[in-house]
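# need coordinates for the following:
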Amino acid sequence: MTKIHFIAIGGAAMHNLALAVASKAGYQVTGSDDEIFEPALSHLRDAGLLPDEIGWHPERITPDLDAIILGMHAREDNPELVRARELGIKIYSFPEYLYEQTKDKIRIVVGGSHGKTTTTSMILYVLNRLGIEADYMVGAQIEGFERMVRLSDTAKYAVFEGDEYLTSPLDLRSKFLWYHPHVAILTGIAWDHINVFPTFPEYVETFRQFTHTISDAFIYYKGDENLCLLAEELKMENGKCKIIPYDAYDGNVAMQVFGKHNMQNLQAAMLACHCIGVAPDDFYREIASFTGASNRLEKIAETETCVAYKDFAHSPSKLKATINAVRERYPDKQLVACMELHTFSSLMADFLPQYQGCMAEADKAFVYFNPKVIEHKKLTPITKEAVRDAFGTKNVEVFTESAAMTEAISRQYSAFSHQGIALLMMSSGTFDGIDVKEFAHELFS
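Numbers count the residues shown, from 1 in each chain. The predicted model follows:
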């Protein structure tokens, strides 16, 4: 029996990896965390993996453990981690363990500042429809897939969403540097994670390092000048690696997903699948029924005249692409776009100017942030006026109370429902506990 203990088991990716490992024959999984929220709480409880007590318990780190998997949520002085290092137990980061389990497989990795989850989901969706078995890690729930992580002894392929954020408290490199892909996609480079990459050149550098880990094929969006430069560099340095540019799909197959950015994602996914032998016609036939990944332009309510979507968009590039897609899809409707400043980068005063003009295509734009979150993250306070000035367009209104924002949305709906409303709720958080699906249904009822 192989015994694995997860430190910080409650994370979205970590608890899914724990479920995947526990499902393999011959593995026993335990874990700990100082906070566990839904849906991880229910998923771990249903699998019998929920810790008996919340908190860190170094006495549970015993010499008979075969390995520790360390989550980013833990700190370097975590008492369980300290104990594991004293005992000399093998410690893996999340991406290191994924690589270890798939090092003999053909690996496809999707990276970039935006579109990673959707592009990875498209690849997996088509492979699944074609009966091609693959291990995977993806950042959202996909139709037809039980979990966000799968590890097996039988799959020939592994498909990973490649995150450029830090690996672990003990390894401050980007996660995707661990994966060493045979086939890699980069969708674009738009500055993010300012807390880790304080300048844009430093951010570009981690993507440059990633390209040096690719062995067979580099697929990149040709509309990104930084990716074009990285592709030229790689072509000169690695004559064996295929360099494959792409643009948006412009064929005549009707798709369920929409927006120029999604047509770019779709074309990248097709090229990756083609690299492992999937015919383009087969890809386009199967992807036509793909409705999207959870929380990525996910339709949550609709009437004869009104429609509502939720999306994970929070960085400037994602925000702009998502709003533009909805604007293009519903040119005659009143577009009400709401976003929450929630991530570390988005709440930093120095980063706010990156949002200039991002919501210009909306008829009405509402931006929400919670000053208590800024305080909790120990960041310099920002003001509503500073946020409004940073976005830089007259359609933007800023809120620091979620109830005030929902009241403003309701007023906008009352004024324009006869014309038709397209409501777009964008956040990597929850707008302080708003169930956006329930809110949209109540609004439209």
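# residue contacts, the nearest residue to E340 once chain neighbours are set aside?
Spatially, and ignoring its direct neighbours in sequence, E340 is nearest to S427 (3.7 Å; CB to CB, 6 or more residues apart in numbering). Every C-beta, even on glycine, is put in place using the N, C-alpha and C of the backbone. By CB atoms under 8 Å, 6 or more residues apart in numbering, the contact set of S427 is 312, 314, 339-340, 342.
# equivalent analysis for Y309, please.
Counted by CB under 8 Å, 6+ apart, Y309 has contacts 297-300, 326, 422-425.
# go again using 6 Å as the cut-off
Listed by CB atoms under 6 Å, 6 or more residues apart in numbering, the contact set of Y309 reads 297, 299, 424.
# so how do I select the buried members of these in PyMOL?
In PyMOL syntax, the buried subset of the contacts of Y309 is picked out as below (16 or more other CB atoms under 10 Å):
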select buried, resi 297+424
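# least confident pick among the contacts of Y309?
For those, the least confident position by pLDDT is L297, scoring 89.
# and that residue, how far from F94?
27 Å (CB to CB, to the nearest Å).
# and what of S42?
From S42 to F94 the distance is 21 Å (CB to CB).
# got the end-to-end distance for stretch 348-360?
21 Å (CA to CA, to the nearest Å).
# please identify the buried residues of it?
Within stretch 348-360, the residues that qualify as buried are 348, 351-352, 354-355, 358-360, counting by 16+ other CB under 10 Å.
# nearest to C306 among the residues you listed?
The shortest gap between C306 and any of the buried residues of stretch 348-360 belongs to M359, at 19.7 Å (CB to CB).
# so that closest one sits against A365, correct?
Yes. Here M359 reaches A365: they are 3.8 Å apart, a contact under CB atoms under 6 Å.
# next, show the common contact partners of those two.
337, 396.
# of the buried residues of stretch 348-360, which belong to helices?
Secondary structure of the buried residues of stretch 348-360 is defined by DSSP state H; no position falls in helices.
# circling back: using JSON lines, please lay out the contacts of S427 together with secondary structure and neighbour count.
Output for the contacts of S427, formatted as JSON lines (DSSP: H, G, I helix; E, B strand; the rest coil; neighbours: other CB atoms under 10 Å):
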{"residue": "F312", "secondary structure": "coil", "neighbour count": "22"}
{"residue": "H314", "secondary structure": "coil", "neighbour count": "20"}
{"residue": "M339", "secondary structure": "strand", "neighbour count": "30"}
{"residue": "E340", "secondary structure": "strand", "neighbour count": "25"}
{"residue": "H342", "secondary structure": "coil", "neighbour count": "20"}
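# what's the lowest-pLDDT member of these?
Comparing those by pLDDT, H314 comes last, at 83.
# which residues touch that residue?
Applying CB under 6 Å, 6+ apart, the residues near H314 are 343, 346, 428.
# go with 10 Å
Shown in contact with H314 (CB atoms under 10 Å, 6 or more residues apart in numbering): 192, 322, 339-343, 345-346, 426-429.
# P316 too?
113-114, 190-192, 345-346, 351-359, 391.
# what about stretch 60-67, average pLDDT?
96.
# rewinding a little: in terms of neighbours, single out the busier of S42 and F94.
Taking neighbours as other CB atoms under 10 Å, S42 and F94 compare with F94 leading, 23 against 12.
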